[in-house]
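# coords please:
(2 chains)
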There are 2 protein chains.
Amino acid sequence: MAVLFLAPTESPSRWAAELRKHLPELDLRVWPDIGDPHDIEEALAWHPPAGVLGTLPNLGLVAALGAGVDHLFADPAFPLEVPVVRLVDPYMTAAMSEYVQLQVLRLHRHDIDYLAQQREEVWRERPQPNAAERRVGVLGLGNLGSDAAVRLRVTGFDVAGWSRRPRKLPGIQCHHGADGLAALLARSEILVCLLPLTPETAGILDRRLFAALPRGASLVNCGRGGHLVEADLVPALDGGQLSAAVLDVFQDEPLPPGHPFWRHPRIVVTPHAAAATHAPTAAAILAENLKRRRAGRPLLNRVDPTLYY
Amino acid sequence: MAVLFLAPTESPSRWAAELRKHLPELDLRVWPDIGDPHDIEEALAWHPPAGVLGTLPNLGLVAALGAGVDHLFADPAFPLEVPVVRLVDPYMTAAMSEYVQLQVLRLHRHDIDYLAQQREEVWRERPQPNAAERRVGVLGLGNLGSDAAVRLRVTGFDVAGWSRRPRKLPGIQCHHGADGLAALLARSEILVCLLPLTPETAGILDRRLFAALPRGASLVNCGRGGHLVEADLVPALDGGQLSAAVLDVFQDEPLPPGHPFWRHPRIVVTPHAAAATHAPTAAAILAENLKRRRAGRPLLNRVDPTLYY
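Have a look, this model is predicted:
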């Protein structure tokens, strides 16, 4: 019984060391040196090369090394009958909420303008409402979205959220479904995207959605690059429908040199840094799911492959 | 009985309109058109011209239009026997805490580096601890400092504070006095100054204090410009003892053109915008103190002139 490590951007030795704290006997095979494919019963995957997972006859679990699983289902040969779990790690959730707080406060407090003023040596105070007078909308109320929404509320913002299914969160107006989306957008001066990337949500951040926001609204995308129709963003900013955007995720990562987002004065780019997987805490959670599978117990954070989350 | 408005940078008509909602009969005299000086029993002051307040024979109250009163006592002819109150307004306290959250999160999350990387089109993720692993120190635990400290703690930071007198705050290590200051500094990766400006605290942010911080610490000054020895800051940044500074207040405001802080790559300048006085809420608080004086009841937020706060 062996575990396949199929995450080309991650360090196998670092993960092996952390995982062995919980599973001392772990037989970890690092792609492409997998030995006998029949040995592989579990895979730890992050942006796996397409076609590999479908060739493992005894595969009984695929565990993602992050919160999203869109990269798994992007493989047309992904074995949909194999159980998939995603990583829900309070350490990463906290990191994401910090990022959201920073970026929403930045937009609320005119930070992009003040940074530009500093470059021009301009001393000019801008009118500033309190957070309680600022309406923030959060798209997606899963583990990440609900934590971010509640923490924004605690900071004082007037927060509403939207999800596919009805949700309840303390102090937060929760909308759902297609009608709920229109209501959420109409009131959101700052919109945060923390949706999963699914066939339904791909391209949701487009010209039509921007037009449904109040004029001059701003956007934080820390979901996936595929949520944003990149070609629609700069026209919305240059035309004034949007006043600013903070982007952590992109269609192509790393964001290619010369891409217009790098140099746009109303866009802040961060290099997919909102919430990195944190091996020391994640390893304990991954190990727990490996033990559960081996013992025939229910898995944590199992993904519904028809929903992509 | 008249109230003198002695705040050259503020709009008297805006304040008069807000104050009359609470004191419809208000006789507000706007400096220099004060009429008979004997009529003036109360003054609303913000950076008043020196010498004026000492010439009013019937003055019974000076109310500051902001949290600080250093600008009053800077007048050598200030009538020290007249009761002084400062403005403690939850609206401004919330604004200050938002500013502190934004700036501490900025420093914690390497925002200055990421903004610089964006200008160079560099995609590079930096190692990122969680807020729980980041030690923040708050100098000053009055209304503003204690609110900011508690909110930083709620956001997840490991927060300690320091004040002249002993204080207790939930979840926060509180230090006090000279020995307590050394202990606070030794553990503060990010230091926030929210002290009152007094003869004791003037120039406290100097080379010696910077040397007592962990190497590479960073600073947020939203107290007063007089807390910082400006000549000591750039050498501390260029030598690496400090890694960054966010400054909202300066020795001379507006910060003069050509001042080295404007262009320093490790300094963020904001134009004394952390927490502006908010006339609609402040007027109610000021009116309450005027009514209390007239009724001979105890004043709110009275200042001890020997302590400057």
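
# close to chain B, is stretch A:53-67?
No: using C-beta under 8 Å from any C-beta of the partner chain, stretch A:53-67 never reaches chain B; the gap is at least 13.2 Å. Using the backbone N, CA and C atoms, a C-beta is placed for each residue, glycine as well.

# list the contacts of that stretch.
Defining contact as C-beta atoms under 8 Å, 6 or more residues apart in numbering or on different chains, one finds that stretch A:53-67 is touched by A:4, A:6-7, A:10, A:15, A:37-46, A:71-72, A:75, A:77-79, A:82-88, A:92, A:143-144, A:275, A:277, A:282, A:286, A:289-290, A:293, A:299, A:303.

# just the ones of those residues in strands?
Of the positions in the contacts of stretch A:53-67, A:4, A:6, A:40-45, A:84-85 sit in strands, assigned by DSSP state E.

# thinking again about what came up before, now the buried members of the contacts of stretch A:53-67.
Neighbour counting with 16 or more other C-beta atoms under 10 Å in any protein chain shown marks A:4, A:6-7, A:10, A:15, A:40-46, A:71-72, A:75, A:78-79, A:82-87, A:92, A:143-144, A:275, A:277, A:282, A:286, A:289-290, A:293, A:299, A:303 as buried within the contacts of stretch A:53-67.

# coming back round to it: which pair of the ones in strands among the contacts of stretch A:53-67 spans the longest distance?
A:40 and A:85 (16.3 Å; C-beta to C-beta).

# give me the distance between the two termini of stretch A:29-46.
End-to-end distance of stretch A:29-46 (C-alpha to C-alpha, to the nearest Å): 15 Å.

# need the longest helix for chain A.
In chain A, taking DSSP state H as the definition, the longest helix is helix A:90-108.

# what is that helix packed up against?
With contacts taken as 3 or more C-beta pairs under 8 Å, 6 or more residues apart in numbering or on different chains; DSSP states H and E, helix A:90-108 sits against helix A:143-155, strand A:190-193, strand A:217-221, strand A:242-247, helix A:279-295, helix B:90-108.

# what's the next secondary structure element after it?
Using DSSP states H and E, the helix or strand that follows helix A:90-108 towards the C-terminus is helix A:111-119.

# ok and that next one relative to helix A:90-108, angle-wise?
The directions of helix A:111-119 and helix A:90-108 differ by 60 degrees, with axes from the mean of the first three to the mean of the last three C-alpha atoms, to 10 degrees as the criterion.

# is there proximity between helix A:111-119 and chain B?
Yes: on the criterion C-beta under 8 Å from any C-beta, helix A:111-119 is in touch with chain B at A:111, A:114-115, A:117-118.

# would whichever helix or strand comes after that helix count as contacting chain B?
For helix A:111-119, the following helix or strand on the C-terminal side (DSSP H and E) is strand A:135-139. No: on the criterion C-beta under 8 Å from any C-beta, strand A:135-139 is out of touch with chain B, staying 12.8 Å away.

# just the CA trace of strand A:135-139, in PDB.
Output of strand A:135-139 as PDB, limited to C-alpha atoms (Å, rounded to 0.1, in the frame of the first residue of the first chain):
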ATOM      1  CA  ARG A 135     -21.400  47.600   2.200                       C
ATOM      2  CA  VAL A 136     -19.300  44.500   1.400                       C
ATOM      3  CA  GLY A 137     -20.500  41.500  -0.500                       C
ATOM      4  CA  VAL A 138     -18.900  38.000  -0.300                       C
ATOM      5  CA  LEU A 139     -19.500  35.600  -3.100                       C
END
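
# counting by contacts, list what that strand packs against.
Taking 3+ C-beta pairs under 8 Å, 6+ apart as contact, the helices and strands that strand A:135-139 lies on are helix A:143-155, strand A:158-163, helix A:177-186, strand A:190-193.

# so for chain B, which of these sits nearest?
Nearest to chain B among those is helix A:143-155 (6.1 Å), distances taken as C-beta to the nearest C-beta.

# list the buried residues in the closest one.
Here helix A:143-155 shows A:143-153, A:155 as buried, counting by 16+ other C-beta under 10 Å.

# I figured residue A:307 hits residue A:197, correct?
No: between residue A:307 and residue A:197 there is no contact under C-beta atoms under 8 Å: 11.5 Å.

# and these two? Which one has more around it.
residue A:197 (23 against 13; other C-beta atoms under 10 Å in any protein chain shown).

# ok and the residue in the stretch 151-300 of chain A nearest chain B?
When scored by C-beta to the nearest C-beta, the stretch 151-300 of chain A has residue A:254 as its residue closest to chain B, at 3.6 Å.

# number of residues surrounding that residue?
Residue A:254 has 14 neighbours, counted by other C-beta under 10 Å.

# what sits against the closest residue in space to it that isn't next to it in sequence?
In space, and not counting its chain neighbours, residue A:254 is closest to residue B:123: 3.6 Å by C-beta to C-beta, 6 or more residues apart in numbering or on different chains. The neighbours of residue B:123, taking C-beta under 8 Å, 6+ apart as the test, are A:253-255, A:271, B:117.

# ok, residue A:76 next?
By C-beta under 8 Å, 6+ apart, the contact set of residue A:76 is residue A:50.

# what about it, distance to residue A:100?
For residue A:76, the distance to residue A:100 equals 33 Å [C-beta to C-beta, to the nearest Å].

# likewise for residue A:91?
The gap separating residue A:91 from residue A:100 is 15 Å, by C-beta to C-beta.

# go on, residue A:299?
Distance from residue A:299 to residue A:100, by C-beta to C-beta: 28 Å.

# one more: residue A:145?
Note on residue A:145: its distance to residue A:100, by C-beta to C-beta, is 9 Å.

# circling back: SS state for the residue of the stretch 151-300 of chain A closest to chain B?
coil (DSSP: H, G, I helix; E, B strand; the rest coil).

# kindly report the same for residue A:297.
Criterion first, three-state DSSP; result for residue A:297: coil.

# ok, back up a step: what sits in contact with each of residue A:145 and residue A:100?
Common neighbours of residue A:145 and residue A:100 (C-beta under 8 Å, 6+ apart) are A:192, A:194.

# is stretch A:274-285 anywhere near chain B?
Yes: Stretch A:274-285 lies within reach of chain B by C-beta under 8 Å from any C-beta, at residue A:276.

# start to end distance for that stretch?
For stretch A:274-285, the end-to-end distance is 20 Å (C-alpha to C-alpha).

# check stretch A:135-143 too.
With C-alpha to C-alpha applied, stretch A:135-143 spans 21 Å between its terminal residues.

# chain center to that stretch: distance?
Averaging C-alpha positions (C-alpha atoms, centre = their mean, to the nearest Å) puts stretch A:135-143 12 Å from its chain's average.

# do stretch A:47-65 as well
Centre-to-centre, stretch A:47-65 and its host chain are 21 Å apart (C-alpha atoms, centre = their mean).

# around chain B, which positions in the stretch 101-250 of chain A sit nearby?
A:101-102, A:105-106, A:108-109, A:111, A:114-115, A:117-118, A:121, A:123-126, A:128, A:130-132, A:151, A:154-156.

# give the residue spans of chain A that score low on pLDDT.
Scanning chain A for pLDDT under 70 picks out nothing.

# can you pull up the most central residue in it?
Nearest to the mean C-alpha position of chain A, by C-alpha atoms, centre = their mean, lies residue A:223 at 3.6 Å.

# was I right to think that one contacts residue A:196?
Yes: if you go by C-beta under 8 Å, residue A:223 and residue A:196 touch, sitting 7.5 Å apart.

# so for the two, which residues contact both of them?
Shared contacts of residue A:223 and residue A:196, defined by C-beta under 8 Å, 6+ apart, comprise residue A:140.

# could you work out the end-to-end span of stretch A:71-79 for me?
Span of stretch A:71-79 from end to end, C-alpha to C-alpha: 13 Å.

# er, stretch A:124-138 actually
One end of stretch A:124-138 sits 31 Å from the other (C-alpha to C-alpha).

# pull out the buried residues from that stretch.
Buried residues in stretch A:124-138 (16+ other C-beta under 10 Å): A:128, A:130-131, A:134-138.
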